[in-house]
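>>> Sequence first, predicted coordinates after that:
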Amino acid sequence: MSQIKAPVEPFRVKTVERIKLTDRRERETILKQAGYNVFNLPAEKVFIDLLTDSGTSAMSDNQWSGLLVGDESYAGARNFFHLESAVKNIFCFKHVIPTHQGRAAERILFEALVKKGDYVPNNIHFDTTRANVEVRGARAVDLVIDEAYDPDSIHPFKGNMDLEKLKKFIEKKSARKIPLVMMTITNNSGGGQPVSVKNIKEVSQVCKQHKIPFFFDACRFAENAYFVKKREKGYEKKSILEIAQEIFSYGQGATMSAKKDALVNIGGFVTVDDDLLAEKLKNLLILSEGFPTYGGLAGRDLEAMARGLEEVLEEDYLEYRINQVAYLGRLLDEAGVPIFKPVGGHAVYLLADRFLPHIPRHQYPGWALTVALYREAGVRAVEIGGVMFARKDEKTGREIFPRLELVRLAIPRRVYTSAHLEYVAEAIIDLYKNREKVRGLRIVRESRYLRHFTVRMEEV
Ligand code: F0G
């Protein structure tokens, strides 16, 4: 189909999971039952599932065998110590506190640090991070560089924070009102774009000047480190581990959803330097997650995480991973399909408003594209646009739409082959050729918060 070369997988397949392509008529019925919302689809009726890269990784034989040495003691399980040493090796902070996933780490961290009326800057907050800040009565503020919102700008580090914006913000609100600054690597809500070490260092200097703690949302830290190695001067010869260690040396702690770069299906942690803060976090952990050596996970889960954190640093894995995502991007781009550029670390994003220019924003072109993609090819993607992020004007009730109307094709780690991605690309290219047939949608029923998960729609 294309002259572009697919990356070679640095693994071979030992176990397979069957997937089955339904026929178009069946998918039509399923869509109707699902209220035209792909979150309501039974996963078994999806052929290629690109809904998320979170918790969808394939574990290695090394990780699976680790499950058998799970120590299920309530306290002090040996797997905790394996995890602690794997995390400390990379992040180099003093305390490691496991949680069941990323948002639990965020919740306890913000509960310990953030109070009503505070502000938390980030390059761009991921939704759960934003929600966990705002539930404290504080404001989550995005201070990413302007290029992040321009789908055509080829900035190599589009996830960078805007230093001037940060300095002005601290001046305006005063450091007393800013309990921490966060940095999301890679920047998921901005297209999975990396942040440079230079930018991280500069942000850390500003924070230090104002005595504001600096934390990382580190879910995709290894992918970020790989981009640094490839794109940032002076890092070509450094190992992924060395780059990660340098990145974390500029901060005071991190939250982690291990469902991404620790290559597991469930898990997370928070890691910090400060003894007093660690004490507080452990107390909060005990309330809802569990004892500090298991944090809501089984011993076997801790072992899989520890092993995943070692595997994710392997350069041949990362090269294949980043190139596989780029490969899908290139297939689409070559065929003229409008995508967000450059392609990020974990997903390709379609520019739905350019893909379906005949559908106005209030008929949700991104959502329409996810429906069409499932109907035509059994592929599941996720809308990151008007349904997910529109705000309602309090007076008029009219929707105010986000700048970008995107559809994310997130690639699970080590799961799909290049042939699967070629199938996805072909389906999208076909859809693009017949784009005028795709119809917009109207909302039949919605909930007040996070409506995309439960909304029901009909086609216009
Ligand atoms: N931070 C970032 C940058 C994320 O992408 C996610 C999850 C979280 C925090 C929360 O982690 O799910 O383990 O509680 N992102 C997933 C996604 C859900 O599809 O992008 P979690």
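Now that the structure is in, tell me what you want to look at. Just so we're clear, the structure is a prediction, and the values are computed from it rather than from any experiment.
>>> Next, the contact list for the nearest residue to G35 once chain neighbours are set aside, please.
By the measure of CB to CB, 6 or more residues apart in numbering, the closest residue to G35 outside its immediate chain neighbours is R456, 3.1 Å from it. For the C-beta atoms, the positions are set from N, CA and C on the backbone; glycine is no exception. R456 makes contact with G35, Y36, N37, I443, V444, R445, E446 under the criterion CB atoms under 8 Å, 6 or more residues apart in numbering.
>>> what's the most distant pair in the residues you listed?
The span of those, defined through CB to CB, is set by Y36 and E446 at 12.4 Å.
>>> and the two? which has more neighbours close in?
Y36 (24 against 13; other CB atoms under 10 Å).
>>> gap between the more buried one and the ligand?
Note on Y36: its distance to the ligand, by CB to the nearest ligand atom, to the nearest Å, is 20 Å.
>>> Surely that residue and V371 touch.
Yes - look at Y36 against V371 with CB atoms under 8 Å: they come within range, at 5.2 Å.
>>> any common contacting residues for those two?
Jointly contacting Y36 and V371 under the rule CB under 8 Å, 6+ apart are L441, M457, E459.
>>> could I get the residues you listed as a markdown table with pLDDT?
A markdown table is the format used below for the shared contacts of Y36 and V371 (pLDDT from 0 to 100):
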| residue | pLDDT |
| --- | --- |
| L441 | 97 |
| M457 | 97 |
| E459 | 95 |
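>>> Kindly check the end-to-end length of stretch 430-441 for me.
This stretch, stretch 430-441, spans 21 Å end to end (CA to CA, to the nearest Å).
>>> List the residues that contact the residue lying closest to A6 once chain neighbours are set aside.
Nearest non-adjacent residue to A6, counting by CB to CB, 6+ apart: S418, 3.5 Å away. Contact analysis of S418 by CB under 8 Å, 6+ apart lists A6, P7, E9, Q324, Y327.
>>> So which of those residues is the closest to the ligand?
Distance to the ligand across the contacts of S418 (CB to the nearest ligand atom) is lowest for Q324, with 17.4 Å.
>>> Compute the number of surrounding residues for the closest one.
Neighbour tally, Q324, other CB under 10 Å: 22.
>>> what helices or strands is the strand or helix carrying it leaning on?
Taking DSSP states H and E as the definition, Q324 sits inside helix 315-334. Under the contact criterion of 3 or more CB pairs under 8 Å, 6 or more residues apart in numbering; DSSP states H and E, helix 315-334 touches helix 221-231, strand 347-351, helix 418-433.
>>> does any bit of stretch 348-368 sit next to the ligand?
No - Stretch 348-368 lies out of reach of the ligand by CB under 6 Å from any ligand atom, never closer than 11.9 Å.
>>> can you list contacts of that stretch?
36, 151, 191, 325, 328-329, 332, 337-340, 369, 381, 383-387, 399, 401, 404-409, 411, 428, 432, 435-436, 438-442, 457, 460.
>>> Which of these fall within strands?
Residues of the contacts of stretch 348-368 located in strands (DSSP state E): E383, I384, E399, L406, V407, R408, L409, L441, R442, M457.
>>> The last one is in contact with L441, isn't it?
Yes - applying CB under 8 Å, one finds M457 in contact with L441, separated by 4.3 Å.
>>> tell me, what's touching those two both at once?
Y36, Y364, W367, V371.
>>> Count residues in the vicinity of the spatially closest residue to the first one that is not a sequence neighbour, would you?
Counting by CB to CB, 6+ apart, M457 is the residue found nearest to Y36 once chain neighbours are left out, at 4.0 Å. The tally of other residues near M457 (other CB under 10 Å) stands at 23.
>>> again, but for D393
9.
>>> ditto for V195
There are 27 residues near V195, going by other CB under 10 Å.
>>> Please list only the buried members of the ones in strands among the contacts of stretch 348-368.
The neighbour-count test (16 or more other CB atoms under 10 Å) marks E383, I384, E399, L406, V407, R408, L409, L441, M457 as buried among the ones in strands among the contacts of stretch 348-368.
>>> Which of those sits closest to T186?
The closest of those, once distances to T186 are taken by CB to CB, is R408, at 13.2 Å.
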